[in-house]
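> got a sequence here, can you build the structure:
(chains A and B)
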Protein chains: 2
Amino acid sequence: MQNEFEFINNLKHRFNLNKIGDDCAVLPKNSTHDLIISTDLIVEDIDFRRSWMIPKMLGQKALAVSLSDIAAMGGNPVSSMLSIGIPKDIWQTNFVDEFYEGYLKLAKENDVELVGGDVSKTSDKIIIDSIILGEVKRNKAVMRSTANVGDLIFVTGELGGANAGLKLLEQGVGFNTNNKTWQNDLILKQLSPCHRVDEGQIISKIVTSMIDISDGLSTDLNHICRQSAVGAKIYSNNIPINKNITKLTENINKQLEFALNGGEDYELLFTVNPTNINNLPYICIGEITDKNGLVEIEINGKTELLNSKGFQHF
Amino acid sequence: MQNEFEFINNLKHRFNLNKIGDDCAVLPKNSTHDLIISTDLIVEDIDFRRSWMIPKMLGQKALAVSLSDIAAMGGNPVSSMLSIGIPKDIWQTNFVDEFYEGYLKLAKENDVELVGGDVSKTSDKIIIDSIILGEVKRNKAVMRSTANVGDLIFVTGELGGANAGLKLLEQGVGFNTNNKTWQNDLILKQLSPCHRVDEGQIISKIVTSMIDISDGLSTDLNHICRQSAVGAKIYSNNIPINKNITKLTENINKQLEFALNGGEDYELLFTVNPTNINNLPYICIGEITDKNGLVEIEINGKTELLNSKGFQHF
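From the prediction side, this is the model:
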């Protein structure tokens, strides 16, 4: 059975769909700017559980994951649309009102205007399709496919927290707004993810390729390498593991596992030519190599293959 | 309980979302054109049943409903995106491949390029969010909100067929590719709807307002009147009822019911100033009046109120 990445890749080549395969599609807009657009489908009991969070947080997350797609192109978010499918019993509650309040609060903070969408009924699960439109300077969108051999590889922040938070939620640890605990901090990484739109715009001036870490570092670095026809080598000692994960598990391999394969951190993963890195305030985790499609990791002086083990639906 | 139209209207006014409420949102693109964009959410067992049609037909319908949104603005379709949620057991079949084949066949016929999307898993139902982008000449998008008192009201084709086809499917009458029967013709109206992109572009030069009939004539005419702050009067004798409906029922009131309140015909409903109608090859069904928000129908010489009785989810 093919997974969704293989399916999309096959579809792209079979039907010659050249604009498919990055965080956003890039379309011509005007003489100064390109349009960028993405869509993220979020399904109840697959991507979230209703009992885990209040509707406002879900609304904010629905937009945050889309803002992250814009960030990964070095773009500026402008407009958005929202398709939601709602079971009748949920429609009769305040859920939808509160969901949109959360969504529109984050939209306002980021100067994003909700311009359309659709509302449908579903049998029993909530589904959300979050569509975002933004812009980048003409021909300046940062792609996944343009990393060069010799580039250094960076991430914008700590990894693994969102997945560790997910594990806690699955274990029944609830979110408590009033608590300042390490558990709460991890759960917030899952329920209320960051987006790096401002950082993405700044670093877009020097990066050679970029992706947001939505599926997990191992999977997303493999995306960059496959699409750029290069390899990569990263160093486990350099990987910024979320500090709170050390409280969840003392096993160093398990800690690393969260950072390598946990999805939904929405930090940016990007490559830069070494001549352009002066004072870059981010963490260098490795370099791009000429081993086409091969992603390696050095752990305790030993080099291993780093396969895509991040999130996949199928 | 508010229905989805009331919800969207409340949201629009509460959060000052001025671009919401037409078939497409209109966004500035460049010095000569505006961008138009819409999204249509289609949910299994709410909007279709898997047993009713082959996956290719579903793929074609997913795009056709979006093309119809572009048609209603007088626009030209350009690009599209597709978010699909699929249960694991369906993912393991040829369903998705065949669905995209149907979608991409119609896309090719209409010079639409699929540029992105998302794939997710669902627990047990297929869901599809069909997103389309198009363009219109700058400031020339045809809105629902610009009908004028004295305009004549037209439709591009026969009404009620898609809803009659739905009734047949619900009664267990299946679609048979080899049969040339009136039942098959009606079912095809439901499963393989038309879109009026070419017609929409031609008539956009003279119309004052336009909408596609997706929810039903009564509902969609009420949308035009409410958003244009006008009234309307239509004449039952002028309404083009799908010919095959007379074979489904001899009851004239029931025939009219299909044409007034049946959704998914995807014909265009539009208004034109009487001075501009020379040789217009479409059916005039009535006129716009100054009775703000009041939609009337004359049946056998008696004038009645025509309330929105088309499709609604909630």
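
> which strands and helices lie in contact with the helix ranked longest in chain A?
The helix spanning the most residues in chain A, taking DSSP state H as the definition, is helix A:55-72. Helix A:55-72 makes packing contacts with strand A:33-43, strand A:76-87, helix A:95-109, strand A:127-137, helix A:197-203, strand A:207-212 when contacts are defined by 3 or more C-beta pairs under 8 Å, 6 or more residues apart in numbering or on different chains; DSSP states H and E. For glycine as for every other residue, the C-beta is placed from the backbone atoms N, C-alpha and C.

> just the CA trace of it, in PDB.
Output in PDB follows, covering the C-alpha atoms of helix A:55-72 (Å, rounded to 0.1, in the frame of the first residue of the first chain):
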ATOM      1  CA  PRO A  55     -13.100  25.000  20.500                       C
ATOM      2  CA  LYS A  56     -11.200  28.300  20.500                       C
ATOM      3  CA  MET A  57      -7.900  26.400  20.700                       C
ATOM      4  CA  LEU A  58      -9.000  24.200  17.800                       C
ATOM      5  CA  GLY A  59      -9.900  27.400  15.800                       C
ATOM      6  CA  GLN A  60      -6.500  28.900  16.500                       C
ATOM      7  CA  LYS A  61      -4.700  25.600  15.500                       C
ATOM      8  CA  ALA A  62      -6.600  25.400  12.300                       C
ATOM      9  CA  LEU A  63      -5.100  28.700  11.200                       C
ATOM     10  CA  ALA A  64      -1.700  28.200  12.800                       C
ATOM     11  CA  VAL A  65      -0.900  25.100  10.700                       C
ATOM     12  CA  SER A  66      -1.800  27.100   7.600                       C
ATOM     13  CA  LEU A  67       0.300  30.100   8.600                       C
ATOM     14  CA  SER A  68       3.200  27.700   9.000                       C
ATOM     15  CA  ASP A  69       2.800  26.700   5.300                       C
ATOM     16  CA  ILE A  70       3.100  30.400   4.400                       C
ATOM     17  CA  ALA A  71       6.100  30.700   6.700                       C
ATOM     18  CA  ALA A  72       7.900  27.800   5.000                       C
END
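
> tell me the angle it makes with strand A:76-87.
On the basis of axes from the mean of the first three to the mean of the last three C-alpha atoms, to 10 degrees, helix A:55-72 is oriented at 140 degrees to strand A:76-87.

> minimum distance to chain B, which residue of the stretch 201-314 of chain A gives it?
Closest residue of the stretch 201-314 of chain A to chain B, C-beta to the nearest C-beta: residue A:313 (4.0 Å).

> what's the closest non-adjacent residue to that residue?
residue B:121 (4.0 Å; C-beta to C-beta, 6 or more residues apart in numbering or on different chains).

> tell me the bridge partners for that neighbour.
Per DSSP bridges, the residues bridged to residue B:121 are residue B:86.

> I'd say it and residue B:86 touch.
Yes. Applying C-beta atoms under 8 Å, one finds residue B:121 in contact with residue B:86, separated by 6.5 Å.

> out of those two, which sits in the more crowded spot?
Set residue B:121 next to residue B:86 and count neighbours by other C-beta atoms under 10 Å in any protein chain shown: residue B:86 wins out with 25 against 19.

> distance of the more buried one relative to residue B:105?
According to C-beta to C-beta, to the nearest Å, residue B:86 stands 20 Å off from residue B:105.

> next one: residue A:262
Residue A:262 sits 40 Å away from residue B:105, going by C-beta to C-beta.

> between those two, which is the more surrounded one?
residue A:262 (30 against 14).

> list the contacts for that one?
Contact analysis of residue A:262 by C-beta atoms under 8 Å, 6 or more residues apart in numbering or on different chains lists A:159, A:160, A:161, A:162, A:163, A:164, A:166, A:216, A:310.

> just give me the closest of these to residue B:43.
Ranked by distance to residue B:43 (C-beta to C-beta), the contacts of residue A:262 are led by residue A:166 at 26.5 Å.

> I figured the closest one was touching residue A:264, is that so?
Yes. At 7.4 Å, residue A:166 counts as touching residue A:264 under the criterion of C-beta under 8 Å.

> overlap in contacts, the two.
Residues within reach of residue A:166 and of residue A:264 at once, by C-beta under 8 Å, 6+ apart, are residue A:190.

> more neighbours: those two, which one.
residue A:264 (25 against 22).

> from residue A:39, how far off is that one?
17 Å.

> circling back to that earlier point, next one: the longest helix of chain A to chain centre, how far?
Relative to the centre of its chain, helix A:55-72 is centred 10 Å away, using C-alpha atoms, centre = their mean, to the nearest Å.

> go on, stretch A:167-174?
21 Å.

> who touches it?
A:49, A:52, A:175, A:183, A:186, A:187, A:190, A:191, A:248.

> could you tell me the end-to-end distance of it?
One end of stretch A:167-174 sits 11 Å from the other (C-alpha to C-alpha, to the nearest Å).

> correct me, but residue A:299 touches residue A:236?
Yes. In this structure residue A:299 lies within contact range of residue A:236 using C-beta under 8 Å: 4.4 Å.

> is it true that residue A:271 lies in a strand?
Yes. Under DSSP: H, G, I helix; E, B strand; the rest coil, residue A:271 sits within a strand.

> from residue A:186, how far off is it?
Residue A:271 sits 28 Å away from residue A:186, going by C-beta to C-beta.

> might you report the residue contacts of the most centrally placed residue in chain A?
The centre of chain A sits closest to residue A:214, judged by C-alpha atoms, centre = their mean, with a distance of 2.7 Å. Applying C-beta under 8 Å, 6+ apart to residue A:214 gives the contacts A:65, A:68, A:220, A:263, A:264, A:266, A:311.

> what about residue A:130, neighbour count?
Neighbours around residue A:130, by other C-beta under 10 Å: 28.

> thought residue A:62 was touching it, still the case?
Yes. With contact defined as C-beta under 8 Å, residue A:130 and residue A:62 form a contacting pair (4.5 Å).

> which residues do the two both contact?
In contact with both residue A:130 and residue A:62: A:40, A:42, A:82, using C-beta under 8 Å, 6+ apart.

> skipping its backbone neighbours, what lies nearest the residue of chain A positioned farthest from its centre in space?
Of all residues in chain A, residue A:92 has its C-alpha farthest from the mean position, at 32.3 Å, by C-alpha atoms, centre = their mean. Counting by C-beta to C-beta, 6+ apart, residue A:92 lies nearest to residue B:1, which is 5.6 Å off, once chain neighbours are set aside.

> do residue A:310 as well
Leaving aside its chain neighbours, residue A:310 sits nearest to residue A:216 (2.3 Å; criterion: C-beta to C-beta, 6+ apart).

> and that neighbour, what's its pLDDT?
For residue A:216, the model assigns a pLDDT of 96.

> same check, this time on residue A:18
Residue A:18 carries a pLDDT value of 95.
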